[in-house]
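>>> Predicted coordinates and the sequence they were generated for:
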Amino acid sequence: MLNFIFKLKHALISLEKYVAAGSLILLLAFTLTQIIARNFFHTGFSDLEAISRHLVLFIAFSGAALVTEQNNHIKIDILSAFLSSRQKEILVRPLLIISSLICGIFSWYATKFWLDELSYAPSYELWIVYMALVLPVGFFILSLHFLLLAITDFEHAPIDIES
């Protein structure tokens with residue numbers, strides 16, 4: 001079972017790296033296209049603005065998942081100055097599970113919001129609604145990463161994120 005979890009973590013990290021890199025390349029290309037179109041041809045593409053906003057979310061969620069996997073995510077460490085290293089070790093798993101639950105709740109409500117958007121979106125804007133799936137999917141993936149970290153611990157099979 002643990003072997004399957006490590007394979008799942010490796011697959012998620014590979015997918016997230018490609019999504020982040022592809023989204024960044026597309027964002028740069030679309031932004032450059034928009035700048036050239038506005039400055040040289042005095043026109044622009046309104047849809048590129050909406051796509052660019054969503055690409056930023058793709059990059060942010062992919063980056064957040066990769067950073068979470070390395071345990072370098074944003075933490076509020078108010079108590080860490082007052083806790084011993086043993087107490088910190090005891091609290092790691094419960095805090096990861098709580099983080100997973102919170103991201104799961106965010107994913108649930110983002111899905112409800114997305115379904116509401118889908119039901120009210122005009123037919124010519126459906127493509128942008130489908131791009132907004134990044135919110136529930138991104139929070140779900142973050143929740144999954146926190147849960148997998150709580151199950152596997154950090155030291156067992158370090159995953160090389162840089163390559």
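Good, I have the coordinates.
>>> shaky segments in this protein?
73, 154-163 (pLDDT under 70).
>>> Quick check: buried residues in the biggest helix by length in the chain?
Longest helix in the chain, counting residues (DSSP state H): helix 2-41. Within helix 2-41, the residues that count as buried by 16 or more other C-beta atoms under 10 Å are 9, 12-13, 16-17, 19-20, 23-24, 27, 30, 34. Where C-beta positions appear, they are placed from N, C-alpha and C, glycine not excepted.
>>> Please apply the same query to stretch 123-132.
129, 131-132.
>>> Can you tell me which of these comes closest to residue 104?
Residue 104 has its nearest neighbour among the buried residues of stretch 123-132 in residue 132, at 18.7 Å by C-beta to C-beta.
>>> From what I see, that closest one and residue 117 are in contact.
Yes. Using C-beta atoms under 8 Å, residue 132 is in contact with residue 117, at 6.3 Å.
>>> quick one: the residue most central in space within the chain from residue 107, how far?
The residue lying closest to the centre of the chain (C-alpha atoms, centre = their mean) is residue 61, at 2.0 Å. Remark: distance between residue 61 and residue 107 (C-beta to C-beta, to the nearest Å) = 11 Å.
>>> on that earlier part again, ok, and the closest non-adjacent residue to the residue nearest to the centre of the chain?
Excluding its sequence neighbours, the residue lying closest to residue 61 (C-beta to C-beta, 6 or more residues apart in numbering) is residue 138, at 3.1 Å.
>>> just checking, that neighbour touches residue 63?
No. With contact defined as C-beta under 8 Å, residue 138 does not count as touching residue 63 (10.3 Å).
>>> Compare the two (neighbour count), which wins?
residue 138 (23 against 16; other C-beta atoms under 10 Å).
>>> distance of that one from residue 32?
25 Å.
>>> one step back: can you say which helix or strand has the residue nearest to residue 61 in it?
Here residue 138 sits within helix 134-152, counting by DSSP states H and E.
>>> and that helix, how far from the chain's centre?
8 Å (C-alpha atoms, centre = their mean, to the nearest Å).
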